[in-house]
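Asks: Take a look and give me a structure for this.
(chains A and B)
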Amino acid sequence: MSQADPEPPSFAEAIAELEAILQRVDSDATDIDRLADELQRATELLELCRGKIRKAEVEVNQIVQKLSGP
Amino acid sequence: MWVAGEVARGRQSNRGHFYFELVEKGDGDEIVGKLDAVVWRSAFLRIRRWLGAHGQEIRDGLTMRCRARVDFYPTGGRLQLVVEEVDPLFTLGLLERRRRETLAALAAAGLLARNRLLALPAVPLRIGLVTSEGSAAYHDFLASLAESGYGFRVFFVHAAMQGAGAELEVAAALGLLGRWQLDAVALVRGGGSRADLAVFDSRRVAEAVARSRWPVLTGLGHEIDRSIADAVGHTAAKTPTKVAELLIERVRAADLALAAVEQALAARARDRLRRANETLRRFERVAQVARLRLRACHGAVEQTALSLERLARRRLQEGERRRQELGARLAAVAPRSLGHRAREAEALVERLAAAAAARVRQAGAALEAQVRLCHALAPQRLLERGFSITRDGEGAIVRDPRSLRIGDLITSELAAGSLRSRVEET
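Replies: The predicted structure follows:
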C-alpha cells in the first residue's frame, strides 16, 4: 500500500492488489482499525481502473494521413 | 488447345450458355489481351458442378486454364473460344498454391503462431487501426467503439486495402504502429471478392502481421475464406464491426470484473464488521453475566456475614441468660446443700474402700488360678515337644538309671498317653 508510489499501478496490478485487499478484508487477519484504510485504498484502485476504462471518449489519432507507396 | 486467363464480364444466356471474356492482365492490373469465349450449356453445367464441389464458381476474376477450340463467325467477323474443359489443378490452384507456399514459408520462419502468442491485455483501450480512411470499414469500426462508451484511443494509419501498392501500404502501416505503446492493432476492410484478398494472402502482409509488435485482430470482410493474414494474426473476426465488438467485450468483461470486485469488497467489509460486532456483543454478554454473578456473590457474602453476626449475638445472649439462671439456682440451693455434701463424702470413702478390697481379692484369686494353670501346662508342653517322663513302680519320677534294676517295670508318660516297659539294661 504505497501511496507515495509515483507510478500508478497498471490495470492488472491494480486488480491484483484489489484481490489481495479482498482476501485480507475477508479474513479476520485485518484489524478493524485498518478496515477503513483498506477500503479507502480499494476505492482508489477501483476509481483508477474505472478511469482507465471509461475516462476518454473515442479518440482518433491520425498518425499518418496517407502512406504513399514506394 | 490449352489457354489460360482470367474470366471477365461473364454472363449466362437464357439458354444456359455462359459467355465471357478471357483476359490477360499485366503487372499493373491492366488488360493486355482479350478474347471472347463461350461454354456451351452442357459443358458449363459439368464444369460448374465440379467447381462447386470445390467451393469455386466460374465468375469474374477467376483465373483458369481451359481446353478450347476456336470458332470463327464469318458474319460478325470475329473469333470465339469454345471452352470444353477446365484444368482443375490450375484453376483451383493458382491462388491456393501460392497461399500454401506462403504458409509453408511462414511456418519455416516460425511466424505462424508468433502474433497469436502475444498477450492481449485485459483492457485493450489503445488500439492501432489500419484501414482505408473514410471507408465503410473505417466508419463501422470507429462507430462501434464510440458507441460502447469506453475510453478507447485509436491510433489510425491509412493504407489502401486493394490494388497496386496495397501490400506495401498495409505492411508499412503495421510496422509504423510498432512505434507507439498500444494494446492491439485492428486490420480491417469491407467485404470484397476472393481475388481482392490477394493482398492479405501476400507474403509481405502476412509477415508484417506476424511480426507486429502488438496483437493483430483482423476483420477483412469475407465470410468463407480465411486469408493468410487471418491465419497469422492474433484473432480473426469476419468484419470490422466484429473486431470492434471483440475489443469492447473484453473491456466490458474487465469492467464487470471490477464491479464484481467492488461488490465483493463491500459485502466482505460489511460481513467483517458484522462479525466484529457480533464478537463485541458476545463479550458484552459475558461481561454482563460476570457482573450479575459478581453481584450475586457479593450478596451471598453479605448474607453470610449477617447471619454469622446474628448467630453470634444470639449465642452470647443465650450464654448470658444461662449464666444468670445458674447463678439464681445456685443462690437458691447453696445453704441446704452443705450438710448433705459432708455425708455424701463419707459414704463415698466407705464405698471406695470396699471396692478396693474386693478388687484386691479378685486379683489374688486370678493370680492363683494363673499359677495353677502354669503348673498343669508345663510338663504337658514338654511331652508335646517329644520328651517323656519315666516313673518307677512306685510312681516316682526316674531321674537316674542307677535307681532301677534289670527286670523293674517302668511307666513312660508320653504326650498322647503312657506305656509300660521292663528294664533290660542299666
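Asks: Any stretches of the stretch 1-150 of chain B with poor pLDDT?
Replies: B:28, B:52-56, B:91-93, B:95 (pLDDT under 70).
Asks: Around chain A, which positions in it sit nearby?
Replies: Within the stretch 1-150 of chain B, the positions near chain A by Cβ under 8 Å from any Cβ of the partner chain are B:P121, B:A122, B:V123, B:L125, B:L129, B:E133, B:L142, B:L145, B:A146, B:G149, B:Y150. Where C-beta positions appear, they are placed from N, C-alpha and C, glycine not excepted.
Asks: so the nearest residue to the second one once chain neighbours are set aside is in which element?
Replies: This points to B:A122. Spatial nearest neighbour of B:A122, excluding adjacent residues (Cβ to Cβ, 6 or more residues apart in numbering or on different chains): B:A254 at 4.9 Å. Secondary structure assignment for B:A254, by DSSP states H and E: helix B:240-333.
Asks: per-residue confidence averaged over that helix?
Replies: Across helix B:240-333, pLDDT averages out at 84.
Asks: Show me what it packs onto, helices and strands only.
Replies: Helix B:240-333 is packed against helix A:11-26, helix A:32-54, helix B:136-148, strand B:184-188, strand B:216-219, strand B:235-237, with contacts defined by 3 or more Cβ pairs under 8 Å, 6 or more residues apart in numbering or on different chains; DSSP states H and E.
Asks: Are the fourth one and chain A in contact anywhere?
Replies: No - in terms of Cβ under 8 Å from any Cβ, no part of strand B:184-188 sits within range of chain A; the closest distance is 11.9 Å.
Asks: C-alpha coordinates for that strand, CSV please?
Replies: C-alpha atoms of strand B:184-188 as CSV (Å, rounded to 0.1, in the frame of the first residue of the first chain):
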residue,chain,number,x,y,z
ALA,B,184,-3.8,-4.2,-30.0
VAL,B,185,-4.0,-3.4,-33.7
ALA,B,186,-7.1,-3.8,-35.9
LEU,B,187,-6.5,-4.6,-39.5
VAL,B,188,-9.9,-4.2,-41.1
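Asks: what's downstream of that strand, the next helix or strand?
Replies: Note on strand B:184-188: by DSSP H and E, the next helix or strand toward the C-terminus is helix B:198-201.
Asks: quick check, that following helix touching chain A?
Replies: No - residues of helix B:198-201 are not located near chain A by Cβ under 8 Å from any Cβ, the shortest gap being 12.6 Å.
Asks: Is any residue of the helix or strand following that helix near chain A?
Replies: With elements assigned by DSSP H and E, the helix or strand that comes after helix B:198-201 is helix B:203-210. No - judged by Cβ under 8 Å from any Cβ, helix B:203-210 stays clear of chain A, getting no closer than 11.4 Å.
Asks: now for helix B:203-210, which elements pack on it?
Replies: Short answer (3+ Cβ pairs under 8 Å, 6+ apart): helix B:203-210 packs on helix B:88-108, helix B:166-176, helix B:228-232.
Asks: And the helices and strands packed on helix B:240-333: which comes nearest B:T304?
Replies: Closest of these to B:T304 is helix A:32-54, at 44.3 Å (criterion: Cβ to Cβ).
Asks: Adding distance to B:K34 and mean neighbour count, write the helices and strands packed on helix B:240-333 out as CSV.
Replies: Shown next, in CSV, are the helices and strands packed on helix B:240-333 (distance: least, Cβ to Cβ, whole Å; neighbours: other Cβ atoms under 10 Å in any protein chain shown):
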stretch, distance to B:K34, mean neighbour count
helix A:11-26, 59, 17
helix A:32-54, 57, 16
helix B:136-148, 32, 19
strand B:184-188, 35, 28
strand B:216-219, 35, 28
strand B:235-237, 37, 20
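Asks: just so I know, which of the ones you listed lies nearest B:L280?
Replies: Short answer: helix A:32-54, nearest of the helices and strands packed on helix B:240-333 by Cβ to Cβ, at 9.6 Å.
Asks: Can I get the closest one in CSV? Just the C-alpha atoms.
Replies: Extracted in CSV, the C-alpha atoms of helix A:32-54 (Å, rounded to 0.1, in the frame of the first residue of the first chain):
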residue,chain,number,x,y,z
ILE,A,32,-10.9,-3.4,12.2
ASP,A,33,-8.8,-0.3,12.6
ARG,A,34,-7.3,-0.9,9.2
LEU,A,35,-10.6,-1.9,7.5
ALA,A,36,-11.3,1.7,6.6
ASP,A,37,-7.8,2.2,5.2
GLU,A,38,-8.1,-0.9,3.2
LEU,A,39,-11.5,0.2,1.8
GLN,A,40,-10.1,3.6,1.1
ARG,A,41,-7.3,2.1,-0.9
ALA,A,42,-9.6,-0.3,-2.7
THR,A,43,-11.9,2.6,-3.7
GLU,A,44,-8.9,4.5,-5.1
LEU,A,45,-7.9,1.4,-7.1
LEU,A,46,-11.4,0.9,-8.3
GLU,A,47,-11.5,4.6,-9.4
LEU,A,48,-8.2,4.2,-11.1
CYS,A,49,-9.4,1.1,-13.0
ARG,A,50,-12.8,2.7,-13.9
GLY,A,51,-10.9,5.8,-15.1
LYS,A,52,-8.7,3.6,-17.3
ILE,A,53,-11.7,2.0,-18.8
ARG,A,54,-14.1,4.9,-19.2
